[in-house]
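Peer 1: When you get a sec, could you give me coordinates for this:
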Amino acid sequence: MSRSRTRRGILAAVAAVALLTITAGPATASPAPSAPPAKGAEVTRIEEQVARDLARSLADADWRARLRAGADAGTAQLGPLASGSAAPAARDLAAGVAAADRRIAAAKGLGADLGPLLQVQLADPAMRAALDAGVAPLVAAATADDHARTITAYDTAGRSHLLATGKVPDRPVYLVDLDSARTTAAGLRVLGAELARQGIDLPVARPAAPAAAAAGWWATKVDAVEVKDDEEPWFKGDAEMFALVTGFGLDGKVRVDPVDMPYLNNDGTVYRPNQILVNWSNYKYNLADVVLMEDDGDTNYQALATAIAAVLLTIADQGAYIPLVNAVLSAVPASWWTDDPDYVDSWYTLARTSSGRLDGAAANGWLSVSPYFVEQF
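Peer 2: Next up, the predicted model:
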């Protein structure tokens, strides 16, 4: 889906998230050991190369028509679309796209068996009229940078064209982007497993129920949620949001529960997911923190888990709840705070009894929550 209709990226300021002062004091941590560096903008570079190769391949009229048919319905997986075409240009492209998919999986710290990751879409539905009129399309890699004033697109000769981001181009543009729903779901599995390996006691899946005597467990349910932003640029690629719920487990050790929130598609839109956010049977105290993040494409989940674990493992249970948001944010590699940050917003001291609207600390979103008892059958 086009970013003119679906805006999954969120521009969030993180310059000053205030510490919440409580009796036990805020969480502090000694400097984390150096984590393996993330791949930086490796995914972006791969997408740029594929966009250039796709543009050149569209000199083949048959393949260009096939791409048009595949992308007319919305977003299409680029690799299968190319490999299913009989056009020589498409077959050559398919091999390069398959290799790019594998490189992206490696750059994001994911397994090699995810299948097709790159997808293609028309940047705006209004561009179909120009395609009908025979206007040759350009191809660009969707960018995660909200501040970009121009993006680079390529024509069938491989020449670059700078396109202003302030308005939808008159010429049709195909965007190459990630299937971020797939990469984020896989990434959260990697994040959970890696945190457990690093010493954060985290089951990959939540237990179905606590002790039988309880006949169920209390949860915090997200009744409604909204994230804010003023822009819906046409050039943005898809991004997926997820929450990191942090607190102290029953064993007194810090725990982190990743929660996928793939429905957060549009900024300025209220969603009512009725989603379980916190399973309180997993936590020692009646309080937890929530950090909302997004995968803007270049997120490396193994590096993120390593960085978070290195900081959280230095925090000991002091016999009272300690807020952990700042510890999580301090663990995120500094390079991730450039351009479009992965951080969206955070909520301190969410309680089992919390209900109603809760504004985020960065004023970039709000949650409406309620206690919910999950009965055991």
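
Peer 1: check contacts around V332.
Peer 2: 304, 307-308, 342-343 (C-beta atoms under 8 Å, 6 or more residues apart in numbering). Where C-beta positions appear, they are placed from N, C-alpha and C, glycine not excepted.

Peer 1: Which of the residues you listed sits closest to A148?
Peer 2: When those are ranked by distance to A148 (C-beta to C-beta), D342 comes first, at 17.0 Å.

Peer 1: The closest one contacts G297, doesn't it?
Peer 2: No: D342 is not in contact with G297 according to C-beta atoms under 8 Å; the separation is 9.9 Å.

Peer 1: higher neighbour count, these two?
Peer 2: The residue with more neighbours, out of D342 and G297, is G297; 29 against 25, by other C-beta atoms under 10 Å.

Peer 1: Is that one in a helix, a strand, or coil?
Peer 2: Secondary structure assignment for G297 (DSSP: H, G, I helix; E, B strand; the rest coil): coil.

Peer 1: what about the strands in the stretch 251-377 of the chain?
Peer 2: For the stretch 251-377 of the chain, the strands defined by DSSP state E, counting those that start in this stretch occupy 254-260, 275-279, 287-295, 343-351, 356-359, 365-375.

Peer 1: Give me the subset of the contacts of V332 that lies in helices.
Peer 2: 304, 307-308 (DSSP state H).

Peer 1: Now do the same contact list for the residue nearest in space to the middle of the chain.
Peer 2: Taking C-alpha atoms, centre = their mean, the centroid of the chain lies closest to D295, which sits 2.2 Å from it. For D295, the contact set (C-beta under 8 Å, 6+ apart) comprises 180, 183-184, 187, 239-242, 342.

Peer 1: between the strands of the stretch 251-377 of the chain, which gets nearest to P137?
Peer 2: P137 sits nearest to strand 287-295 of all the strands of the stretch 251-377 of the chain, at 27.3 Å, using C-beta to C-beta.

Peer 1: Just give me how far the closest one sits from the chain centre.
Peer 2: 12 Å (C-alpha atoms, centre = their mean, to the nearest Å).

Peer 1: same thing with stretch 255-273?
Peer 2: 10 Å.

Peer 1: Any idea what V254 is bridged to?
Peer 2: With DSSP bridges as the criterion, V254 is bridged to F248.

Peer 1: pretty sure it contacts Y321?
Peer 2: No: using C-beta under 8 Å, V254 is not in contact with Y321, being 11.6 Å away.

Peer 1: between those two, who's got more neighbours?
Peer 2: Between V254 and Y321, V254 has the larger neighbour count (other C-beta under 10 Å), namely 27 against 22.

Peer 1: Okay, now the unreliable bits of the stretch 101-250 of the chain?
Peer 2: For the stretch 101-250 of the chain, applying pLDDT under 70 flags the ranges 144-146, 201-214, 229-233, 237-239.

Peer 1: quick one, strands of it?
Peer 2: With strands called from DSSP E, counting those that start in this stretch, the stretch 101-250 of the chain shows them at 118-122, 138-141, 150-154, 160-164, 173-178, 216-227, 240-248.

Peer 1: With mean neighbour count and distance to P258 as added columns, please give those in JSON lines.
Peer 2: Shown next, in JSON lines, are those (neighbours: other C-beta atoms under 10 Å; distance: least, C-beta to C-beta, whole Å):
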{"stretch": "strand 118-122", "mean neighbour count": "24", "distance to P258": "23"}
{"stretch": "strand 138-141", "mean neighbour count": "26", "distance to P258": "27"}
{"stretch": "strand 150-154", "mean neighbour count": "20", "distance to P258": "31"}
{"stretch": "strand 160-164", "mean neighbour count": "14", "distance to P258": "36"}
{"stretch": "strand 173-178", "mean neighbour count": "27", "distance to P258": "18"}
{"stretch": "strand 216-227", "mean neighbour count": "20", "distance to P258": "15"}
{"stretch": "strand 240-248", "mean neighbour count": "24", "distance to P258": "6"}
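
Peer 1: Between those, which one is closest to V325.
Peer 2: strand 240-248 (7.4 Å).

Peer 1: Okay, G96 and A112: tell me how far apart.
Peer 2: 17 Å (C-beta to C-beta, to the nearest Å).

Peer 1: more crowded one of those two?
Peer 2: G96 (16 against 9).

Peer 1: Helix, strand, or coil at the more buried one?
Peer 2: Classified using three-state DSSP, G96 is helix.

Peer 1: Just give the closest residue to it, not the sequence neighbours.
Peer 2: For G96, ignoring the flanking residues on the chain, the nearest one in space by C-beta to C-beta, 6 or more residues apart in numbering is D53 at 5.5 Å.

Peer 1: my read is that neighbour is in a strand, agree?
Peer 2: No: D53 is assigned helix when assessed by three-state DSSP, not a strand.

Peer 1: how near is it to T353?
Peer 2: 55 Å.

Peer 1: quick revisit: what's the overlap in contacts for V254 and Y321?
Peer 2: With contacts taken as C-beta under 8 Å, 6+ apart, V254 and Y321 have 247-248 as neighbours in common.

Peer 1: how far away is the closest residue to V290 other than its chain neighbours from D359?
Peer 2: Closest residue to V290 apart from its sequence neighbours, by C-beta to C-beta, 6+ apart: W347 at 4.4 Å. For W347, the distance to D359 (C-beta to C-beta) stands at 8 Å.

Peer 1: So these two - more neighbours on which side?
Peer 2: Counted by other C-beta under 10 Å, W347 and D359 do not tie: W347 has more neighbours, with 24 against 12.
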